[in-house]
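S.K.: Next one to model:
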Amino acid sequence: MEKEFTCIVCPNSCRIKVEFEGNKIKSIEGAGCPKGKEYVKNEITKPVRVFTGSVLVESGDFSLASVKTPVPIPKKYLKEIGEITRQIKVDAPVEIGQVVAFNLLNENIDLIATRKVKKKII
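M.R.: Next up is the predicted model:
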């Protein structure tokens, strides 16, 4: 099979053509740097992404706090993590970098807050 990727690693956005069968790569052409070649190899063999989303916040000056995974996770888990994230509620205050969920899907996937939410003053 042959597929073309646009590399997202650097601003050059190289168009990289790869020929592969299953997870076995036969050839890679068009990578302007080693990082592009590595990016395409990962996309074929083990694609990963950083998950971003939001969780509900109780008693906060904002009702949502943005969250992300601290490291890229296997792409196959993104939808499930999104569904779980919609059910998570945390109490204010929330600090940037605070872990709001641990070991999701028993895959050692955590979510950290990327927005500070203060406790609402009544």
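
S.K.: for the protein, which helix is longest?
M.R.: Across the chain, the longest stretch assigned as helix under DSSP state H is helix 34-45.

S.K.: Each with direction, which strands does the helix or strand following it pair with?
M.R.: Sequence-wise, the next helix or strand downstream of helix 34-45 (DSSP states H and E) is strand 48-49. Sheet pairing here is set by DSSP bridges, and for strand 48-49 it gives strand 73-74 (antiparallel).

S.K.: Not counting stretch 84-103 itself, show me its contacts.
M.R.: Applying CB atoms under 8 Å, 6 or more residues apart in numbering, the contact partners of stretch 84-103 are 51, 53-61, 65, 67, 104-105, 109-120. C-beta: built from backbone N, CA, C; applies to glycine.

S.K.: what about the nearest residue to Phe62 once chain neighbours are set aside, how many residues close to it?
M.R.: Distance criterion CB to CB, 6 or more residues apart in numbering; nearest residue to Phe62, sequence neighbours excluded, is Val117 at 4.9 Å. A count of nearby residues for Val117, using other CB atoms under 10 Å, gives 25.

S.K.: and stretch 50-58, which residues are buried?
M.R.: For stretch 50-58, burial by neighbour count (16 or more other CB atoms under 10 Å) applies to Phe51, Gly53, Ser54, Val55, Val57.

S.K.: Dump those to JSON lines, plus secondary structure and distance to Val9.
M.R.: Listed next are those as JSON lines, based on DSSP: H, G, I helix; E, B strand; the rest coil; distance: CB to CB, whole Å:
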{"residue": "Phe51", "secondary structure": "coil", "distance to Val9": "19"}
{"residue": "Gly53", "secondary structure": "strand", "distance to Val9": "23"}
{"residue": "Ser54", "secondary structure": "strand", "distance to Val9": "27"}
{"residue": "Val55", "secondary structure": "strand", "distance to Val9": "29"}
{"residue": "Val57", "secondary structure": "strand", "distance to Val9": "34"}
